[in-house]
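Undergrad: only geometry, no sequence info:
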């Protein structure tokens, strides 16, 4: 399911997880001798170089002394990025990652301006911002998505917004996001869609986040592939987007759990929260309405995955929806209220699907939480290097 993830079962029956990013490889498992064997086999065939596991590809991972938290950040990479473009930066304080309500558009392309901005290194800066967004600062998503659509013909407004994000990154370079060992072990997802259209394409922006360990395991901000016709249709398309990532994550968890436990147990429906009640109702009802009859067939896959017990659409108040940050430039008050939840630094618990809703769905499987508890009973996070070891029987 995931071409970069390899799940290996050793001769002793222990699982090893190997993740490969081009020529960068990381492994985790219960036995250090087995991990060294995997490393040496790669060395014999390809030649390998050992690096610091706390920082890789510019990404720093710090485990707390009590081994409860893992903090992901990119301070070194951000400093390099800032010094490369420092001449274009100001001394202004940036408390929000993107100017409020700013919508970039190619509706007024000017070729001479585009060439001038490209010559400054727009694409280089954009690429670095996208890497920081992908790996450490998820709140940049709404902005980097808009900057990306201007990559071929950037305007001065696009350049100013990119520098804004650079200044924000530098001033908050140590923040990143955090995972909690005691956080949610069952995936929980949130999605949202903005209603402001790009004047050139008539398309709006949407975003979603999938949490595990109270941290943003999957986080995306994109422009809709098709124009919407009202809030309900926009939210329904956003629900389709988050459903795809939820199903993808469930497949990976199923593969990993099958190797760890040597059996496959069904997963409970994943709670997917949006702030439009009519969208949640429409996704779980076998009906069509006059306002939704035009929606393309591809967006109805969320209904199929609801019927198979993969997702459970639920409503959440807009003020409690952290994915709002991923859809547009929001006010400082929204950042203050929701950024902690989005990045895993909030003490406010995530919404949890009620037990009765989990078991009431026809075709829904067993309880993923029970499965995770079984795994944690058999394995303990006790090694000094942060991997897990099998408990004595």
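TA: Perfect, I can see it now. Because the structure is a prediction, the values reported are computed rather than measured. Residues are numbered from 1 along each chain as shown.

Undergrad: in the stretch 151-300 of the chain, what spans have low per-residue confidence?
TA: For the stretch 151-300 of the chain, the stretches with pLDDT under 70 are 258-267.

Undergrad: how does it look with 90?
TA: Counting by pLDDT under 90, the low-confidence segments of the stretch 151-300 of the chain come to 184-186, 229-230, 251-269, 285-297.

Undergrad: how close does the closest residue to residue 331 other than its chain neighbours sit to residue 332?
TA: Distance criterion C-beta to C-beta, 6 or more residues apart in numbering; nearest residue to residue 331, sequence neighbours excluded, is residue 100 at 5.5 Å. Backbone N, C-alpha and C define where each C-beta goes, glycine included. Residue 100 sits at a distance of 8 Å from residue 332 (criterion: C-beta to C-beta, to the nearest Å).

Undergrad: Then residue 157?
TA: When C-beta to C-beta is applied, the distance between residue 157 and residue 332 equals 21 Å.

Undergrad: and those two? which has more neighbours close in?
TA: Taking other C-beta atoms under 10 Å, residue 157 and residue 332 do not tie; residue 157 has more neighbours (17 against 10).

Undergrad: ok, back up a step: close enough to count as contact, the residue nearest to residue 331 and residue 329?
TA: Yes. With contacts counted by C-beta atoms under 8 Å, residue 100 reaches residue 329, the gap being 4.7 Å.

Undergrad: These two - which one has more neighbours?
TA: Each of residue 100 and residue 329 has its neighbours counted (other C-beta under 10 Å); residue 329 has more, 22 against 12.

Undergrad: and the more buried one, what pLDDT?
TA: The score at residue 329 is 96. That number is its pLDDT.

Undergrad: So it: helix, strand or coil?
TA: Secondary structure, DSSP: H, G, I helix; E, B strand; the rest coil: residue 329 is coil.

Undergrad: these two touch, right, it and residue 99?
TA: Yes. Taking contacts as C-beta under 8 Å, residue 329 lies within contact range of residue 99: 5.2 Å.

Undergrad: helix, strand or coil for the residue lying closest to residue 214 once chain neighbours are set aside?
TA: Using C-beta to C-beta, 6+ apart and skipping the chain neighbours, the partner closest in space to residue 214 is residue 183 (3.0 Å). Secondary structure state of residue 183, per three-state DSSP, is coil.

Undergrad: Correct me if wrong: residue 183 contacts residue 345.
TA: No. With contact defined as C-beta under 8 Å, residue 183 does not count as touching residue 345 (11.4 Å).

Undergrad: List the buried residues in stretch 320-332.
TA: For stretch 320-332, the buried set under the neighbour-count rule, 16 or more other C-beta atoms under 10 Å, comprises 320-330.

Undergrad: Repeat that for stretch 56-69.
TA: Neighbour count says stretch 56-69 has 58-60, 63, 69 buried, by 16+ other C-beta under 10 Å.

Undergrad: pLDDT added to those, as TSV?
TA: Formatted as TSV, the buried residues of stretch 56-69 follow (pLDDT from 0 to 100):
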residue	pLDDT
58	90
59	93
60	95
63	93
69	95
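
Undergrad: Show me the residues you listed that map onto strands.
TA: 59-60, 63, 69 (DSSP state E).

Undergrad: what about the residue nearest to residue 331, which helix or strand?
TA: Following DSSP states H and E, there is no helix or strand that holds residue 100.

Undergrad: What values do phi and psi take at residue 21?
TA: phi -120, psi 90 (degrees, to the nearest 10).

Undergrad: what's next to the stretch of helix or strand residue 132 belongs to, contact-wise?
TA: Using DSSP H and E, residue 132 falls within helix 122-135. Here helix 122-135 makes contact (C-beta atoms under 8 Å, 6 or more residues apart in numbering) with 57-59, 72, 74, 77-78, 81, 84-85, 140-141, 143-144, 147-148, 151, 154, 158-159, 162-163, 165-166, 169.

Undergrad: out of those residues, which are buried?
TA: Buried members of the contacts of helix 122-135, counted by 16+ other C-beta under 10 Å: 58-59, 72, 74, 77-78, 81, 85, 140-141, 143-144, 147-148, 154, 158-159, 162-163, 165-166, 169.

Undergrad: all helices of the stretch 251-393 of the chain, in order?
TA: Remark: helices assigned in the stretch 251-393 of the chain by DSSP state H, counting those that start in this stretch are 277-283, 301-307, 332-342, 355-360, 368-378.
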